[in-house]
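1. fold the following for me, if possible:
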Amino acid sequence: MLKKFAKKLHRPTPSPSTQSPGANNQRSNRWNEFFNATQTIFEIAKESVKAVPVPGLEAAVSGLSAVLNVYGAMRANEDALKLLSEALERLDKHITRPLRESVAKDPNFLDENLQERLNELAEELTNLAKRAEALQSRRAHKKFFEYKEDSGLIQELNKELDRIILTFTAQGSIGGEIEARKARKAAQMILINGLRRAQARHDSSSRVGTNACFEGTRIGILQAISTWIEDSGSSSIFWLSGMAGIGKSTIAQTVAELEESKHRLGASFFFSRDDAERRDPGLVCPTIAYQLAIFDDGLKRSVAYALEKDPDVALSMVKTQFEELIAKPLKGINNSGQTIVFVLDALDECDPSSGAEEILRRWAVELPRISQETKIILKVLVTSRPELHIQNQFRSPSLRTLSQQFILHNVEESVVQADIELFLRYRFTELRICMAWQSLGR
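-> So this is what the prediction gives:
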């Protein structure tokens, strides 16, 4: 569409000496055509910024109508109108249109640097519009271009709009920004993929055969955990304690799957004493950091920066790992009120036990700081057997104020029996159906 209008706008202007007797009407029609095409280009640029979340940018682009209105009063100056049209085309092609398309694909496209550049662009366009408005509001009895200085001021508006657009694109066009970001993300992922980590996610291949809670069972505890997550004022840590084989991992699996479906699962780590990687406390923070990088682009940048600054940070002590790979990236999140859930299952199987103690201490120290600095809501579900070293940590002043405990083996026997009965009824129904099909096959 823009090419069609540009073609109209850029046709050569006939010289006065070759104009026919009806040249005035032709000239007027030609000018109207020019002006309408320019107005259409302006409307397209204005429409492009409506979906861009930069306060003031839409108003600033809309304010350029003042410049257009000034040109509406200078019907004889087609060259100036062409220059204005070309500037508006560049504005749409290199700034407003790519912005609209990029934000539509990725709502988080605007990083801090680009946001600042766009704020400056909006401010400059607003100032230009004010200059045009001042020129337009000259005394009513003074006609436009009655004096040479008026025409000069109009030319200055053109040059200024050109300068604003060129200044912005000289720092990097939106298209160039898109390509640069692709390159940066690729470089970040190279760093992040190099993190030594365990296959300990809730859906890791090392946990094939692990199931979530059977539908209709564990309703009470699942509801309690859900209520705790949704309540921003509740404790940051939920400790689900219980004897071996009582179903803690099944509950943790269910919570992890549910929170992932809501895009709130920052990371999960399912410990196992039978797997060297999944019991190693030195792999917990790098594994969580990797998942955080996949969870959020902002966290990806922060984790990559930590690795760029210190490539061996994943080999450092748990305290340093936690601070550099988890705490600092989380503190950089700007989305106030966002909930991020972490699931740490079977913490008692972390070996050595001092590693489990240090992990709990890190969460105890950093959780209040992160929440205070960012206003994000962090929820950490921890499951374990009631081992003495873990009990002692949760009894410490720092963790006692941050956590709440649910003892799974204290659930009423009637509730447990009802869950077992529901499960067995389903399995027996499946068995009867299978046997019926087998008898029909004979």
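2. quick one: buried residues of stretch 171-179?
-> By neighbour count on 16 or more other C-beta atoms under 10 Å, the buried set for stretch 171-179 is Ser173, Ile174, Gly175, Glu177. For the C-beta atoms, the positions are set from N, CA and C on the backbone; glycine is no exception.
3. by mean pLDDT, flag the weakest helix or strand of this structure.
-> Across the helices and strands of the chain, mean pLDDT, DSSP states H and E gives its lowest value to helix 2-9, namely a mean of 48.
4. quick one: secondary structure of Arg47?
-> One thing to correct before we go on: residue 47 is Glu, not Arg. Following DSSP: H, G, I helix; E, B strand; the rest coil, we place Glu47 in the helix state.
5. tally of neighbours for it?
-> Residues within reach of Glu47, counting by other C-beta atoms under 10 Å, total 15.
6. so which residue is dead centre in the chain?
-> Asn108 (4.2 Å; C-alpha atoms, centre = their mean).
7. which stretches of the stretch 301-442 of the chain form strands?
-> Along the stretch 301-442 of the chain, the segments classed as strands by DSSP state E, counting those that start in this stretch run 339-345, 377-384, 403-407.
8. could you dump the ones you listed to TSV with mean neighbour count and mean pLDDT?
-> Below are the strands of the stretch 301-442 of the chain laid out as TSV (neighbours: other C-beta atoms under 10 Å; pLDDT from 0 to 100):
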stretch	mean neighbour count	mean pLDDT
strand 339-345	24	97
strand 377-384	23	96
strand 403-407	16	92
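9. for Ala45, find the nearest of those strands.
-> strand 339-345 (38.3 Å; C-beta to C-beta).
10. what pairs with that closest one, and is each one parallel or antiparallel?
-> Strands that pair with strand 339-345, judged by DSSP bridges, come out as strand 265-270 (parallel), strand 377-384 (parallel).
11. Leu64 is nearest to which of the ones you listed?
-> That would be strand 377-384 among these, by C-beta to C-beta, at 42.0 Å.
12. what sits up against that closest one?
-> The contact list for strand 377-384 (C-beta atoms under 8 Å, 6 or more residues apart in numbering) reads 225, 228-229, 232, 236-242, 248-249, 251-252, 255, 330, 337-348, 356, 360, 363, 367, 370-371, 390.
13. repeat the analysis, applying 7 Å as the threshold.
-> 225, 229, 232, 236-241, 248-249, 252, 255, 337-348, 363, 367, 370-371, 390 (C-beta atoms under 7 Å, 6 or more residues apart in numbering).
14. the inter-axis angle of it versus strand 403-407?
-> Interaxial angle, strand 377-384 versus strand 403-407 (axes from the mean of the first three to the mean of the last three C-alpha atoms, to 10 degrees): 40 degrees.
15. show me what contacts Asp345?
-> By C-beta under 7 Å, 6+ apart, the contact list for Asp345 reads Lys248, Ser249, Ala252, Phe270, Phe271, Thr383.
16. again, but for Asp310
-> Asp310 neighbours (C-beta under 7 Å, 6+ apart): Glu324.
17. so, low pLDDT: which residues of the stretch 301-442 of the chain?
-> Where the stretch 301-442 of the chain drops to pLDDT under 70, the residues are 409-442.
18. do the stretch 51-200 of the chain as well
-> In the stretch 51-200 of the chain, residues with pLDDT under 70: 73-78, 138-153.
19. at 50 what do you get?
-> Scanning the stretch 51-200 of the chain for pLDDT under 50 picks out 76, 139-141, 144-145, 147-148.
20. what ranges do the strands span in it?
-> Going by DSSP E, counting those that start in this stretch, the stretch 51-200 of the chain shows no strands.
21. got the strands paired with strand 339-345 as TSV, with distance to Thr210 columns?
-> TSV is the format used below for those (distance: least, C-beta to C-beta, whole Å):
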stretch	distance to Thr210
strand 265-270	8
strand 377-384	13
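22. which residues touch the residue nearest to the centre of the chain?
-> By C-beta under 7 Å, 6+ apart, the neighbours of Asn108 are Asp297.
23. so how far is Leu161 from it?
-> For Asn108, the distance to Leu161 equals 30 Å [C-beta to C-beta, to the nearest Å].
24. likewise for Ala134?
-> 15 Å.
25. quick check: end-to-end length of stretch 238-248?
-> 13 Å (C-alpha to C-alpha, to the nearest Å).
26. ditto for stretch 263-280
-> Stretch 263-280: ends 27 Å apart by C-alpha to C-alpha.
27. mind listing what's buried along that stretch?
-> 264-272, 275, 278-280.
28. equivalent analysis for stretch 29-47, please.
-> Those would be 30-31, 34-35, 37-42, 44-46, for stretch 29-47 by 16+ other C-beta under 10 Å.
29. which strand or helix spans Asp275?
-> Asp275 belongs to no helix or strand when assigned by DSSP states H and E.
30. excluding its backbone neighbours, what's nearest it?
-> Distances taken as C-beta to C-beta, 6 or more residues apart in numbering place Ser206 nearest to Asp275, at 6.3 Å, with adjacent residues excluded.
31. three-state assignment of the one you found?
-> Applying three-state DSSP: Ser206 is helix.
32. so how many other residues sit close to it?
-> 15.
33. go ahead and confirm it touches Phe269.
-> No - the criterion here is C-beta atoms under 7 Å, and Ser206 misses it with Phe269 at 11.7 Å.
34. on that earlier part again, just the buried residues of stretch 29-47 now: which is nearest Ser62?
-> Closest approach between these and Ser62, by C-beta to C-beta: Lys46, at 5.5 Å.
35. OK, contacts around that closest one?
-> Val61, Ser62.
36. any idea how far Asn69 is from it?
-> Distance from Lys46 to Asn69, by C-beta to C-beta: 14 Å.
37. and Glu387, by the same measure?
-> Relative to Asn69, Glu387 is positioned 77 Å away (C-beta to C-beta).
38. swap in Gln39?
-> Per C-beta to C-beta, Gln39 is found 10 Å from Asn69.
39. which residues are in contact with stretch 352-359?
-> Pro281, Val284, Val318, Lys319, Leu347, Asp348, Cys350, His389, Ile390, Gln393.
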